[in-house]
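> A structural model of the following input is requested.
(one chain, ligands or ions: 4)
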Amino acid sequence: RAALRTLLDQWQPAALPSVAAEHPGYGADDLRVAQDGAQWVLHYQPKVDLRSGGLTGVEALVRWNHPLHGLVYPDRFIALAEECGAIDALTEWVMQAALEQLALWHRSGLRIQMAVNVSMQNLCAPDFAPRLGALVRHIGLSPQDLMLEVTESRVMAVSSAALETLVRLRMQRFGLSIDDFGTGHSSLAQLRDVPFTELKIDRGFVHDARGNQLIPPMLEGSIGMAQRLGLHTVAEGVETEDDWALLREIGCDIAQGYFIGRPMQSDRLPAWLEDWQTRQPRSTAR
Ligand code: C2E
Ligand code: MG
Ligand code: MG
Ligand code: MG
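Ligands and ions are numbered 1, 2, ... in the order given. A predicted model of the protein is given here:
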């Protein structure tokens, strides 16, 4: 709590006017209230093995339970949080909540991995890796239980500070995923420079891939390349059984998307799992 307060005190009021103009409806003040009033909520989306259909992990996705606007999605406030300096406190809250939930699932016998999205800006904090290591140990988990999905920030590409943090995290044996591969800064250069362990293909190349004849070879090439680099491959945005079948044919390892399961509250996971076991594509049933 004390650390959180310190982070909040470090906000830069100078950034407020431009931020407010760019994000009508929300301002840094609203984010501060969200932080204080515990208005963050996590939903969890399953990641499943394309061969066995088994649940390998879940991705934590943050929502803002706004007293006036209802559930607000991250595309509406992550950039704002990055710009006004609230992203470090937000990520800290997400990490703590997601890891505590994972510890509960582990205790109930569900041995899955937790994926958390980390903004490039978080990685510039020089104490990010040691603090995360301490948090994971404090909760009684190990770094391998956590997959850090590195998402491109609107304000920066990989800086040398971020790169150093990523190398440290990898040395501590955290999983590192390059999220939204194929778009923006999620590029070959990042793949060359950062010791990623997972490549996550952007949903723009996944759903209805056969609808554009250029895409299946791009998918095949990316997945083949990742495998030769020793990375696990994940496809996000699997919305139909056709999407699933194509990825399976191509040899992608893990799938995530509405076809499998939407992001859900933690208490819904057991019921989802039961339902998924009855409806997963027959070719993968054991
Ligand atoms: P992402 O990490 O690429 O997450 C995938 C997004 O696609 C999620 O949106 C998810 O709900 C959505 N999605 C999943 N399956 C499907 C599908 O089959 N079809 C379609 N059309 N969409 C699908 P969401 O939850 O709105 O999150 C958007 C982005 O916000 C995330 O993209 C991530 O970059 C960012 N984000 C979410 N939570 C956090 C967080 O805790 N910290 C940070 N820094 N960023 C976060
Ligand atoms: Mg992600
Ligand atoms: Mg993604
Ligand atoms: Mg994406």
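> which secondary element of the protein has the worst mean pLDDT?
helix 16-22 (a mean of 45; mean pLDDT, DSSP states H and E).
> need the longest helix for this structure.
Secondary structure of the chain per DSSP state H: the longest helix is helix 87-107.
> chain center to that one: distance?
Relative to the centre of its chain, helix 87-107 is centred 12 Å away, using Cα atoms, centre = their mean, to the nearest Å.
> buried ones in stretch 259-279?
For stretch 259-279, a neighbour-count test (16 or more other Cβ atoms under 10 Å) marks 259, 260, 261, 263, 264, 266, 269, 272, 273, 276 as buried. Quick note: C-beta positions are derived from backbone N, CA and C, even for glycine.
> helix, strand or coil: sort out the first one for me.
Right, the one you point to is residue 259. Here residue 259 is recorded as coil under DSSP: H, G, I helix; E, B strand; the rest coil.
> report pLDDT for the residue of the stretch 1-150 of the chain found nearest ligand 2.
Using Cβ to the ion, the single residue of the stretch 1-150 of the chain nearest to ligand 2 is residue 149, 3.8 Å away. Looking at residue 149, its pLDDT reads 97.
> give me the low-pLDDT residue ranges for the stretch 151-286 of the chain?
For the stretch 151-286 of the chain, applying pLDDT under 70 flags the ranges 153-157, 186, 283-286.
> near ligand 4, which residues of it are found?
180, 202 (Cβ under 5 Å from the ion).
> indicate the residue of the stretch 151-286 of the chain located nearest to ligand 1.
Per Cβ to the nearest ligand atom, residue 257 is where the stretch 151-286 of the chain lies closest to ligand 1, at 3.1 Å.
> how close does the closest residue to that residue other than its chain neighbours get to residue 76?
The spatial neighbour of residue 257 that comes closest, neighbours along the chain excluded (Cβ to Cβ, 6 or more residues apart in numbering), is residue 238 at 3.2 Å. Separation of residue 238 from residue 76 (Cβ to Cβ, to the nearest Å): 24 Å.
> those two: which has the busier surroundings?
When residue 238 and residue 76 are compared for neighbours, residue 238 comes out ahead with 25 against 15, by other Cβ atoms under 10 Å.
> mind listing what the more buried one touches?
206, 207, 244, 247, 255, 256, 257, 258, 259, 260 (Cβ atoms under 8 Å, 6 or more residues apart in numbering).
> ok, 6 Å please
Counting by Cβ atoms under 6 Å, 6 or more residues apart in numbering, residue 238 touches 244, 255, 257, 259.
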